[in-house]
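Novice: Next one to model:
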Amino acid sequence: FFPRADTGGCTKESVAFSALKDEFEAANCAVIGISKDTAAKQAKFRAKHGLTVELGADDESDICEQFGVWVEKSMYGKSYMGIQRATFLIGTDGKIAAVWPKVKVPGHAEEVLETLRGL
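Specialist: The predicted structure follows:
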């Protein structure tokens, strides 16, 4: 889950996962980035940066709420609702195998791939 398409951190994270797409696929893992952006905005973001990972638009559903990443945030003393950057590794059995709440982008895609290979 990522806060918003075409922002600095979200772009870096999406590019990092795209660069490792073949390795994730070799480990039988699909990568899907989800935000509250529309499908049109996701498509534009994907094309602009040559992203190869799938992007999901949660603008009309509650996937973010179901995963608990739609949270109250604060910036400059102002509160608002937004997505907490997080990663969930879901096994072939449909169970969550690992969770990274409050993700820091640098090195994250590599860490997820390493964890996946260790399962």
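Novice: Give me the phi and psi for the residue of the chain most remote from its centre.
Specialist: When each C-alpha in the chain is compared with the mean C-alpha position (Cα atoms, centre = their mean), G77 comes out farthest, at 26.2 Å. The phi/psi pair for G77 (degrees, to the nearest 10) reads phi 80, psi 0.
Novice: Verify the stated contact: P3 with M81.
Specialist: No - the pair P3 and M81 does not pass the contact test of Cβ atoms under 8 Å, sitting 11.0 Å apart. Any C-beta I mention is one placed from the backbone N, CA and C, and that applies to glycine too.
Novice: Who has more neighbours out of those two?
Specialist: P3 (17 against 11; other Cβ atoms under 10 Å).
Novice: Report the secondary structure state of that one.
Specialist: coil (DSSP: H, G, I helix; E, B strand; the rest coil).
Novice: residue contacts, K102?
Specialist: Listed by Cβ atoms under 8 Å, 6 or more residues apart in numbering, the contact set of K102 reads 84-86.
Novice: Which of those fall within helices?
Specialist: Taking DSSP state H, every one of those sits outside helices.
Novice: Closest one of the residues you listed to F45?
Specialist: Nearest to F45 among the contacts of K102: R85, at 15.4 Å, using Cβ to Cβ.
Novice: For the closest one, list the residues it contacts.
Specialist: 1-3, 9-10, 13, 69, 102-103, 105.
Novice: Can you show me the helices along the protein?
Specialist: 8-19, 21-26, 39-49, 63-66, 108-117.
Novice: What's the local residue count around the residue lying closest to D62 once chain neighbours are set aside?
Specialist: Nearest residue to D62, sequence neighbours excluded (Cβ to Cβ, 6 or more residues apart in numbering): W70, at 7.9 Å. Counted with other Cβ under 10 Å, residues neighbouring W70 total 18.
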